[in-house]
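**Q** All I have is the shape, not the residue letters:
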């Protein structure tokens, strides 16, 4: 098991269709408000298809979702 697989396990992500390419640390803010973030770069191993009844005509590729892990 690679270190990147351990990252998914630590976060409780069990989906085998997610392939992690790397992780990096980022810092945002100044002074006492400065925060450290862990950014995980990953990709799905299959092609997404739009659900016909979702109300949207297309998928939005390269999307982002902000997730807070506590």
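**A** That came through fine. Computed from a prediction, not measured in an experiment: that's the story for all the values here. Residues are numbered from 1 along each chain as shown.
**Q** When you work out contacts or count neighbours from here on, use the C-alpha atoms and nothing else.
**A** Noted.
**Q** any idea where the helices of the protein begin and end?
**A** Ranges of helices within the chain are 3-11, based on DSSP state H.
**Q** Residue 24 and residue 37, how far apart?
**A** Residue 24 is 8 Å from residue 37, where distance means Cα to Cα, to the nearest Å.
**Q** measure the residue lying closest to residue 69 once chain neighbours are set aside to residue 67 for me?
**A** The shortest distance from residue 69 to any non-neighbouring residue, by Cα to Cα, 6 or more residues apart in numbering, is to residue 11 (7.8 Å). For residue 11, the distance to residue 67 equals 11 Å [Cα to Cα].
**Q** show me where pLDDT drops low in the protein?
**A** Residues of the chain meeting the criterion pLDDT under 70: 1-4, 51, 60-66, 70.
**Q** do that again at 90, thanks
**A** By pLDDT under 90, the low-scoring segments of the chain are 1-24, 28, 31-33, 37-70.
**Q** With neighbour numbers in mind, choose between residue 11 and residue 67.
**A** Between residue 11 and residue 67, counting by other Cα atoms under 10 Å, residue 11 is the more crowded of the two (10 against 6).
**Q** So that one versus residue 68, what's the distance?
**A** 11 Å.
**Q** and what of residue 56?
**A** Distance, residue 56 to residue 68, by Cα to Cα: 27 Å.
**Q** Which one's more surrounded, the two?
**A** residue 56 (10 against 5).
**Q** Surely residue 34 and residue 27 touch.
**A** Yes. At 6.7 Å, residue 34 and residue 27 qualify as touching, with contact defined as Cα atoms under 8 Å.
**Q** can you give me the strands for the chain?
**A** 18-28, 35-44 (DSSP state E).
**Q** Make a markdown table from those strands and add mean neighbour count and distance to residue 50 to it.
**A** Listed next are those as a markdown table, based on neighbours: other Cα atoms under 10 Å; distance: least, Cα to Cα, whole Å:
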| stretch | mean neighbour count | distance to residue 50 |
| --- | --- | --- |
| strand 18-28 | 12 | 18 |
| strand 35-44 | 12 | 15 |
